[in-house]
Each structure stands twice: as C-alpha cells, then as structure tokens.
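Novice: what follows is a predicted protein model with its sequence.
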There are 2 protein chains.
Amino acid sequence: MPDVTERCSVAVIGGGVIGSTVAWTLAEAGHRVTLYTDRAVEQSTTWVAGGMLAPWSEAWPGDSGLLDLSLASMRAWPGFAARLEQDEHRVITARGSLAVAADEGDVADLHRVMAWLEARGEPVAPLSRREARALEPGLAAGLRPVFQVQDELAVDNRATLLALRELAVRAGATIEQRRISSLASLPQDQVVVAAGPWTSELLPALRVRPVKGEIMRLARRSFSAPPPRRIVRGWVRGRHVYLVPRPDGMVVGATQHEAGFDTTVTAGGVRDLLADAEAVFPGVADYAITDMSAGLRPVTPDNIPLIGRVDDRTLVAAGHGRNGMLLAPLTGSAILAELDGQPLAEAAAAHPRRFA
Amino acid sequence: MPDVTERCSVAVIGGGVIGSTVAWTLAEAGHRVTLYTDRAVEQSTTWVAGGMLAPWSEAWPGDSGLLDLSLASMRAWPGFAARLEQDEHRVITARGSLAVAADEGDVADLHRVMAWLEARGEPVAPLSRREARALEPGLAAGLRPVFQVQDELAVDNRATLLALRELAVRAGATIEQRRISSLASLPQDQVVVAAGPWTSELLPALRVRPVKGEIMRLARRSFSAPPPRRIVRGWVRGRHVYLVPRPDGMVVGATQHEAGFDTTVTAGGVRDLLADAEAVFPGVADYAITDMSAGLRPVTPDNIPLIGRVDDRTLVAAGHGRNGMLLAPLTGSAILAELDGQPLAEAAAAHPRRFA
C-alpha cells in the first residue's frame, strides 16, 4: 500500500496546459505540488492556441515517433475530457475533421499524407466532393476534399486550461505567480520544468526554441453563414490553415515564423490567415474579428517533446510544439510514472536522454 | 461693443471634433457652454478617424459645393492648428499628399479628378513615377503615380480631439457625460446638435445616416520599412485606400458600408484594407497591427453637412461625412456667426434650410 507520507514536494514551473496537467496529475497522486507561473492565464501560450486534437490530420509522412506518441495521448483524452467536464466546464466543441486542398500541389501533398496513414492502418477515410458538401455546406465550391477523420476533436483551449488549474488546486496544488530564474533556489525535493519555449533558460542543455504563430478568433453575426461543425484543415497553395469550431464562431490559425520571442501580430500574418480561411470557407468574410494574437510554440530539434527525468532532482515536460493540448494527458501520466521510478513505455521516444 | 452679459447659455450635444470645436469657439466668444457627450472620448467617431485634411485629393468631379466649403475650412486650419499646438499637443503629423493608381481604370478615374481640379485652378501637380519614387521610396514598383498636392495635411485626430476638449474647458465650457434624448428638457437658451449620425434622433426632420468605416493602425517595427512621409491616397482596382503617416507608423483606412449603426470589425473589411495598403506600400506586411476599429461617418443626402439654424432655439452642426476634421474650424465659426445673427456666407451651402 503506498504511503502518502513518502510522496515528495514538487515544483512545477510553467502554467500552460502542460504545467497545469502535470500539477493536477501529481497532486491527485498525493504529491505536494507548487505550480509556478510568471504570467496571467490570459497571457499563456495555451490561451492563444486553437485547441485541435488532430493527431492524424496533423501528421507528416515518416514522423512515426510523434504520431505514436500523439495516438497514445489521444486514447487518454476521452477520460481526461470527462474529468474536466465533471463540473460546468464545456471542453469538447466539435468532433471529426475534414482535410481539403486548394490546388493540385495541395491535393498531391494531402494524398501523400493519406497514403501513409492508410498504410499504417489509421482511421482516415477518403472524402468526395459530394460528401464534403453534405457535411459542411459552407466550404468553398472549388475546393478538393481529400479525407476525413471521425475521431479527431476540437476542444476549448481556454476552458480546458481553467478547468485544469481548478482541478489542480482542488487536488491540493498551490499556484504561485512568480518568475523562477534558478532551479537551485526552489525548496522542493523535485522540480518539473514545463516552461515551453523558456525551458532552455532553466535547462540550457536542452534546446527548445519558440516558433511564433498568429491566430484569430472570429464570431458569427446574425446573418453570417453558420460556422463549420467539424475541424477543417485546409492546404492552401502550400500553406496550412485550420478552422476550429466554437459555439459562436471559429478559431483560425496559424502562421509559422521563426522569430525568436516576438509575439507581434503583423499585417502580413493577418492577411495570410484571412486569405487562406476565405479560400476554404468564404462565409468568414462576414464574421466579426474578436481576437488576434500570437503565441510561441515550444519546438525541439526533432519535433518530439522532452518528457522525462534530466537528473536526480529535475524532470522536464516541454517542447510540445503545436501539440501541447493533445499530448497533455500522456505527459501528465509520464511525469507521474517517472517520479514513481516506473517510466512509461509509451513516452520513451520523448525522453530527454536522446539529446544527452 | 459686445456685452458679454448678453451672451447666452448654449448646450452643445456631441463630443466629437465638431461638437468640441463648436463648444470651444462659443466659450471663447463668451457664451456659457455645456458640452454633452454620451460616451468616453475613446469611443467617439473622431477617435477612430484617420486625420486627413485632403480637400483636393478627396474631391469628386462636380462636387463644387463640398470642395468650396472644404477649402474655406482648409484656409482656417493653419491658425486653428497653431492654437491647438500652443501647449504640448502635436497635431500636424505630415504635409503633402500623393495620389496613386493600381490599374488602368484607377488611372483614368484619377485623371478625371485631376483634370477637374486643374480646370478650377486648384494646386494639384502631375506626378511622374520617378518623382514619386524619390519622394516615397516605399511605394509599390508597379504603381502609377498621378498627382500630388503640397498643401494637404495629416493631423493626429486623437491629439486634436484631446486638445479641443482641453481648450473648451479652459475657455469656460463644462463637459457633462450624459445622453440627451430630448432637447426640450435642456435648460439652456440655445442648443447646437452636433451628434453626428445620431443627429436624426434629436432632429427627425434632418436626415443624417451612418456610413460605417473600418480603419487600422499599424506600427513600424525595428526592421520595417519607414512609413511614408506624406499622405498616400491609393485607388486600387476601384476601391480607395489612404495611408496617413504617424510618428511610429501609419493609419490605414477606410472601408465604406451602409450598415446602420453596426461597428463590428469584419474579416472581409480587414482583408480589403490590408490588401489595398499592401498594393500601395508593400512594406506594411511587416508592420504590427496595433488597432482595428470601425466608426460611423455621419452622411447627409447630398454629402454636404448641415450647419446652421433650424429654429429659434436650435442649431445643427452635423453630417460632415468623412470630412469632420477638415471642416471643424469653419463649422465652429459658422455656428458662432449664426448665434450672433450674422450667418457666414462661406457656409451658406451647408445651411439646413435647403432640406426644409
């Protein structure tokens, strides 16, 4: 029988979806957790995110490591969401996704993705123009639908983060708004660094860089076309855009720039997002722009996150790129398992030792 | 010799550039003025404006009435600006304007404007591509410059409004933030309705309708191309765009929609503004978007404002369309002259009696 008095005190650094999930998971397991976050919840990268759980339509041919990791976490999501939704939090906003292409080159790219997924036996289904129009009448007439995935989910990233923080506190975690610039100064037995693109400041041996993404929130107006009911992933002349449904509109994302820690929303970024969104779903022109922001995806050299033990006192849970929301449940479980000395086999590919 | 005790108490309704100018002008002349405004200064239409004083490049062939009115007010602007700038308010942000065209049709339209202005003897000068590139190196390479006007001005609309409010108060006016729904309830001897598109609510016999305009503010970043030093008016495939310099960037405006009292910023409006701005000045793509908003231009059936006496107790100063900032000095003088029983000849074309 586990003895809770043997449970240790843990500092979790970073209040985004990863840090909050880790804090909740550890606190529920009986650890004494303090979550350190240096910014308000509205300023976190998670707050800016689109909230797409799309391991298949976000996959890239050959990236088996990331897909396997994503699928392991996706399997945990229904139970995770059920826990988050126990109170009044509405987390899941849509089910299913369509992948559509604008031109011949986009069609070819998407066919390659589909062929690779089919060869792995993944649940992707070809999608005809007729089927696509029946499912989403608002799609642009000239688009070329390629495939659909029934099991992908859209979640409300903001509701998710608030629910996670609440559950963490309810499980006994303490949240402290404070910037941590040195791990040595922390009083806890164990430290989990979940600081996204700022992780390298605390753990210089690990390389996590910021990749800027601009994103917009659009609200339907009384006379607007209704928003899509599924996630729509558009490949538009070599660029990618996603439309993620929300009850009152949609999230449109996201640009990709290697721009350091810059979070400026630029004229060019917004121009591209609007053009691509309109190429996929012309009705957006009538929508109100309610929010424009930029977040910093934490990206590792091999695009696979860093989840695991770094030294006797330190663990890392960072570098989740565009998949922080999706990978949160697996990350929480993997960090708990590491603390217990029983590393999770499913998370082995993400262990930081690969860069040692 | 005028006896200030004969001066009357005046209510001015509307806190935009017109109401504030009228309040200041009347207070300075010794009237006891109360300015009623139902919104914070940041919510006024004037706050959203671009601040272009461009009677020539905004003129339309045949609209002599409006151009004459605009020129009369333009002559008053240097003195007006000097008064506003007496303290630390920086009002004028640029001098001179260029009119440029994107395609053949735009060139033809602009040539018609120029020909009409030249026939009137107005100070417009043809502009070659070489001259345009020397003046504004950031202009798009394929553009067709058509003419320039040395005497047009850009003003900081926000600084202007704040200065006007300050001067009005200093001259003895009182500002009350309160919505006025009936003129009868006001205690003052005389009433000036300067309520922009809401004027018809108080004076139903006069027709002033709102014409929505979306506008953006862009800030230069460290590596961006510098903003234009002059106003740039672009005619882009039948649409109009203006770039108005600010010390740290520019204002880009403005869409035009007959949409009632709606002030939603739409995806389509922003898409058009960005596309047209980029067609004129490609460097804007790198700029930060710092503000997007929509204002309601107050427009009359003949596009000429309503300035003058309506009945023994009531005057109107409204319906200035896109020219509120430009027409402010003339409007202030005209209302003062009307109160004094000596209507201003230059403002005769704007008298509301034309709709009686």
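Specialist: Done, it's in. Small disclaimer: the values here were computed from a predicted structure and weren't measured.

Novice: residues touching the closest residue to residue A:17 other than its chain neighbours, list them.
Specialist: Nearest residue to residue A:17, sequence neighbours excluded (CB to CB, 6 or more residues apart in numbering or on different chains): residue A:46, at 4.3 Å. To be clear about C-beta, it is placed using only N, CA and C from the backbone, and glycine gets the same treatment. Taking CB atoms under 8 Å, 6 or more residues apart in numbering or on different chains, we find residue A:46 in contact with A:16-17, A:20, A:157, A:160-161, A:324-325.

Novice: test my guess that residue A:146 contacts residue A:127.
Specialist: Yes. Using CB atoms under 8 Å, residue A:146 makes contact with residue A:127 at a distance of 6.3 Å.

Novice: so the two - more neighbours on which side?
Specialist: Between residue A:146 and residue A:127, counted using other CB atoms under 10 Å in any protein chain shown, the more crowded position is residue A:146 (25 against 19).

Novice: follow-up on the earlier one: which of the contacts of residue A:46 lies closest to residue A:110?
Specialist: Proximity of the contacts of residue A:46 to residue A:110 (CB to CB) peaks at residue A:325, which lies at 22.9 Å.

Novice: tell me how far the helix or strand hosting that closest one lies from the chain's centre.
Specialist: Assessed by DSSP states H and E, residue A:325 sits inside helix A:324-339. Relative to the centre of its chain, helix A:324-339 is centred 13 Å away, using CA atoms, centre = their mean, to the nearest Å.

Novice: packing partners of that helix?
Specialist: helix A:17-28, helix A:45-48, strand A:52-53, helix A:64-84, helix A:157-170, strand A:306-309, strand A:314-318 (3 or more CB pairs under 8 Å, 6 or more residues apart in numbering or on different chains; DSSP states H and E).

Novice: intersection of neighbour lists for residue A:146 and residue A:127?
Specialist: What both residue A:146 and residue A:127 touch, as defined by CB under 8 Å, 6+ apart, is the set residue A:99.

Novice: chain B contacts on chain A?
Specialist: Contact residues, chain A versus chain B (CB under 8 Å from any CB of the partner chain): A:216, A:218, A:221, A:264-268, A:270-271, A:274-275, A:277-278, A:284-289, A:292.

Novice: let's have the contacts of residue A:46 in a markdown table, adding pLDDT and neighbour count.
Specialist: Converted to a markdown table, these look like this (pLDDT from 0 to 100; neighbours: other CB atoms under 10 Å in any protein chain shown):
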| residue | pLDDT | neighbour count |
| --- | --- | --- |
| A:16 | 97 | 29 |
| A:17 | 98 | 29 |
| A:20 | 98 | 32 |
| A:157 | 96 | 25 |
| A:160 | 96 | 26 |
| A:161 | 96 | 25 |
| A:324 | 97 | 27 |
| A:325 | 97 | 27 |
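
Novice: can you redo those residues as JSON lines with distance to residue A:29?
Specialist: Shown next, in JSON lines, are those (distance: CB to CB, whole Å):
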{"residue": "A:16", "distance to residue A:29": "20"}
{"residue": "A:17", "distance to residue A:29": "19"}
{"residue": "A:20", "distance to residue A:29": "15"}
{"residue": "A:157", "distance to residue A:29": "25"}
{"residue": "A:160", "distance to residue A:29": "20"}
{"residue": "A:161", "distance to residue A:29": "21"}
{"residue": "A:324", "distance to residue A:29": "21"}
{"residue": "A:325", "distance to residue A:29": "22"}
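
Novice: closest to chain B among those residues?
Specialist: Minimum distance to chain B across those is 20.5 Å, recorded for residue A:157 (CB to the nearest CB).

Novice: that closest one touches residue A:47, doesn't it?
Specialist: Yes. Counting by CB under 8 Å, residue A:47 is a contact partner of residue A:157 at 7.0 Å.

Novice: which of the residues of chain A next to chain B are buried?
Specialist: A:216, A:218, A:264-268, A:270-271, A:274-275, A:277-278, A:284-289, A:292 (16 or more other CB atoms under 10 Å in any protein chain shown).

Novice: these in strands, which ones?
Specialist: Counted as lying in strands by DSSP state E, out of those, are A:216, A:218, A:288-289, A:292.

Novice: for those residues, work out which two are farthest apart.
Specialist: So, those by CB to CB: farthest apart are A:288 and A:292, at 11.8 Å.

Novice: indicate which one of the helices and strands packed on helix A:324-339 is closest to residue B:152.
Specialist: That would be helix A:45-48 among the helices and strands packed on helix A:324-339, by CB to CB, at 40.9 Å.
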